[in-house]
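[1] only geometry, no sequence info:
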């Protein structure tokens, strides 16, 4: 028999490994709704938190291009602190390292 538990952090799986697409779509929709709410009703800090949430989601589900785009949005925002820009750049680098985009240097 099956146990269904609802947790915020599902175990990471390789992309295309029967990923629960419906659950991912729901989570992404919730993250985007949070971003919209932050943009309309809150300040830069909440907007940044929402953007980091979306970027981290894409990184976690293995969507490299979407993760890069999301982290770039954070880095390119005008009022973002240097610390947050570094956080976003480091997170993007972790995604790159995870995918080992570049052939190994010899």
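    Received it, and whenever you're ready, just let me know what you need. Predicted model only: the values in this text are computed from it and were never measured. Numbering: from 1, shown residues only.

[2] hmm, who's touching the longest helix seen in the chain?
    Taking DSSP state H as the criterion, the chain has its longest helix at helix 21-41. With C-beta atoms under 8 Å, 6 or more residues apart in numbering as the test, helix 21-41 has contacts from 10, 46-47, 49-51, 53-54, 57, 61. Any C-beta I mention is one placed from the backbone N, CA and C, and that applies to glycine too.

[3] for the chain, which spans come out with low pLDDT?
    Counting by pLDDT under 70, the ranges of the chain that qualify are 1-20, 101-106.

[4] ok, which stretches of it are helices?
    For the chain, the helices defined by DSSP H cover 21-41, 44-60, 64-76, 82-99.

[5] can you put those in JSON lines and add mean neighbour count?
    Converted to JSON lines, these look like this (neighbours: other C-beta atoms under 10 Å):
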{"stretch": "helix 21-41", "mean neighbour count": "13"}
{"stretch": "helix 44-60", "mean neighbour count": "19"}
{"stretch": "helix 64-76", "mean neighbour count": "17"}
{"stretch": "helix 82-99", "mean neighbour count": "14"}
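
[6] what angle sits between the longest helix of the chain and helix 64-76?
    With axes from the mean of the first three to the mean of the last three C-alpha atoms, to 10 degrees defining the directions, helix 21-41 sits at 10 degrees from helix 64-76.

[7] so helix 21-41 versus helix 44-60, what angle?
    Going by the same axes, to 10 degrees, helix 21-41 is angled at 160 degrees with respect to helix 44-60.

[8] make residue 1 into 39 and carry on from there
    Done: numbering now begins at 39, and the last item shifts to helix 59-79.

[9] chain center to helix 59-79, what's the gap?
    Relative to its parent chain, helix 59-79 has a centroid offset of 11 Å by C-alpha atoms, centre = their mean, to the nearest Å.

[10] check stretch 70-83 too.
    16 Å.
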